[in-house]
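Sequence isn't available, so here's the structure alone:
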Ligand code: GLC
């Protein structure tokens, strides 16, 4: 195994140094790709046990192809006790029987490939299940060869009283301490998530070799890449110091000691060399990285450094909460959102690559969170799609988002299934003195079960998701929000997603153009320009010279009419004077919008109707 210990800020290997591991394919193929995330448990159930499964997914492949996505990311389907819905894996090389078999997975892979789509697997290697044979061995005795595969520490003497206590003050992401005491050997093990998700010790080269071996096994079976779960948590400060403890909190925050830790760049580069280098087909790697800074993201995604293709950052999904605490929701300010996403666009331009998302299985539903899931549900869902997908980066569509699915209105705590919610409710009502009603109210907007209600296929009982009893309730609004109604309706949210996805495939300016944020101080209108100079447009079209192309994207994030004035019509050049702003010397065309008529589009001022999206395109000769 190769190991590198270069300082984090230096490229581990220069591009010139070893080009024998260059893939023979277009390294930027994913710039024009759109990824669709499937959370298998909630997608489609084929056998009536109430839980989605692989044959269910296979039955929907034509639907995915019709939508036009290029890649499917599958949340974990591996053998698992399902403590965290599969993010606790007990066998990395098999499929859990609730989802099907390896043969089903092969059929799914082949079915996707036959339709020109790729399959990206979830890779959960910050931790395993406590039922994984590695952990069972590790916990069996202090001198087991796998003892050091996990983070075991003796109790620390508590300052008063002398009794043993957790080795440090870290809290787990799912409430309670991040340590669990093991009677048999008298030590604690670290679990940043649930006690059934012990953290692997990546300091141990055997652990890394075992993970790379498993990843190679999957790639050899034909999968096309990995979405890497909390991958910036794998390198920890090995002294495991206490973290800061905020007032009113029961535990310290260990994240400064494990988020993008000391050896993270080294580990990811090593993974690249051991797993991805030299493979001659287009693969996709995306690292889920809570707390990642934009500066670090540049290092993670700079292609010359060979770490990952892109990261999921969390900044824009923390703006609607106090102190990054999802149980303390607050109203989002559009200016904060623009400031954040704009900064990421700018910082990664020409150096790294963005992933773009409004939602996933850990986040609230996009239209409920960023749009209006009442009167303007369809308009706002379409506007959100246009605004997100026309940024620079690879967009991700979370299952049901393409239908404008909404948050769920859960009743009692017994309606919830997510371990994060259940543990928080228990802790807040027993240790923090909150009432059940207070906790339920705080949970409602941002809890993860909002996104985990089953996909709404039709208006029948249980939304066509299952013939049995669903593992979590189907949203009753399946009566009018469902795929059957939308698939062939040209005005549906689904059809709009098709258009937006097709636009990325057809227009090189969407995949490769520069990004400029406009109107940064406007509290209601999100506006930006994309520009691809003639030389780049020519290269994209395989010809020497082509006109430059620009897009102007305007999205109204409010339920009222909003009028905006854009300097030079927003096109960023002198020719387009104030009298003829959107035209200048070069006519602009409205190429995408979410209202049936194009409304006001040829005046110095542009008025946007509630939640309106307008996308203008022009060509120019400079
Ligand atoms: C990631 C997953 C989330 C899971 C956690 C622990 O954040 O997306 O669903 O609970 O990691 O694996």
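Arrived safely, thanks for sending. These numbers were taken from a predicted model, which means no experiment stands behind them.

Would you map the helices across the stretch 101-250 of the chain?
Secondary structure of the stretch 101-250 of the chain by DSSP state H, counting those that start in this stretch: the helices cover 102-114, 133-140, 205-220.

chain center to the shortest one: distance?
Read that as helix 133-140. Chain-centre distance of helix 133-140: 31 Å, with CA atoms, centre = their mean, to the nearest Å.

Any buried residues in that helix, and which?
134, 135, 138, 139 (16 or more other CB atoms under 10 Å). Placement of C-beta: from N, CA and C, glycine included.

export the residues you listed to TSV and tack on pLDDT and distance to the ligand?
Listed next are these as TSV, based on pLDDT from 0 to 100; distance: CB to the nearest ligand atom, whole Å:
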residue	pLDDT	distance to the ligand
134	99	16
135	99	15
138	98	19
139	98	20
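
so which of these comes closest to residue 330?
Distance to residue 330 across the buried residues of helix 133-140 (CB to CB) is lowest for residue 135, with 39.2 Å.

Go ahead and confirm the closest one touches residue 198.
Yes. With contact defined as CB atoms under 8 Å, residue 135 counts as touching residue 198 (5.4 Å).

quick one: common contacting residues for those two?
128, 150 (CB atoms under 8 Å, 6 or more residues apart in numbering).

what's near enough to touch the residue lying closest to residue 43 once chain neighbours are set aside?
Closest residue to residue 43 apart from its sequence neighbours, by CB to CB, 6 or more residues apart in numbering: residue 52 at 4.3 Å. Applying CB under 8 Å, 6+ apart, we find residue 52 in contact with 39, 40, 41, 42, 43, 44, 45, 99, 454, 465, 466.

Tell me, how many residues neighbour the third one?
Read that as residue 41. 26 (other CB atoms under 10 Å).

Now do the contacts for it.
51, 52, 75, 85, 86, 99, 452, 471.

how near is the third one to residue 120?
Separation of residue 75 from residue 120 (CB to CB, to the nearest Å): 10 Å.

got the contact list for the residue in the stretch 1-150 of the chain that the ligand sits nearest to?
Nearest residue of the stretch 1-150 of the chain to the ligand: residue 87, at 3.4 Å (CB to the nearest ligand atom). Residue 87 sits next to 75, 76, 80, 122, 124, 193, 197, 229 when contact means CB under 8 Å, 6+ apart.

Tell me the one among those residues nearest to residue 154.
Nearest member of the contacts of residue 87 to residue 154, counting by CB to CB, is residue 197, at 21.4 Å.

what about residue 324, how many residues close to it?
15.

Roughly how far does the nearest residue in space to it that is not next to it in sequence sit from the ligand?
Of all residues not flanking residue 324 in the chain, residue 318 sits nearest, at 4.7 Å (CB to CB, 6+ apart). From residue 318 over to the ligand the distance is 13 Å, taken as CB to the nearest ligand atom, to the nearest Å.

Residue 329 is in contact with residue 318, correct?
No. Residue 318 lies out of contact with residue 329 (CB under 8 Å); the separation is 10.9 Å.

Ignoring the adjacent residues along the chain, who's closest to residue 110?
Residue 110 sits nearest to residue 222 (CB to CB, 6+ apart), 7.8 Å away.

List the contacts of the residue of the stretch 251-400 of the chain found nearest the ligand.
Nearest residue of the stretch 251-400 of the chain to the ligand: residue 362, at 4.7 Å (CB to the nearest ligand atom). With contacts defined as CB under 8 Å, 6+ apart, the neighbours of residue 362 are 448, 451.

Show me which positions of the helix or strand of the chain with the lowest mean pLDDT end up buried.
None of the helices or strands of the chain scores lower by mean pLDDT, DSSP states H and E than helix 534-541, at a mean of 80. Going by neighbour count (16+ other CB under 10 Å), the buried part of helix 534-541 is 534, 536, 537, 538, 539, 540.

The nearest residue to the second one once chain neighbours are set aside and the ligand, how far apart?
Right, residue 536. Excluding the flanking residues, the one nearest residue 536 by CB to CB, 6+ apart is residue 512, at 6.2 Å. Here residue 512 is placed at a distance of 29 Å from the ligand (CB to the nearest ligand atom).

Within range of the ligand, give me the residues from the stretch 151-300 of the chain.
Residues of the stretch 151-300 of the chain lying near the ligand by CB under 6 Å from any ligand atom: 193, 229, 230, 288.

Need the pLDDT of the residue nearest to residue 324.
Reported pLDDT at residue 318 in the predicted model: 98.

How many residues are close by it?
Neighbourhood size, residue 318 [other CB under 10 Å]: 17.

Can you give the domain ranges for the chain?
The record's domain parsing of the chain by automatic domain parsing lists 29-126+200-236+260-409+444-483, 131-199, 410-443, 511-620.

quick one: which of those is nearest residue 245?
domain 131-199 (6.2 Å).

if you average pLDDT over stretch 472-490, what comes out?
pLDDT averaged over stretch 472-490 gives 98.

Lovely, talk soon.
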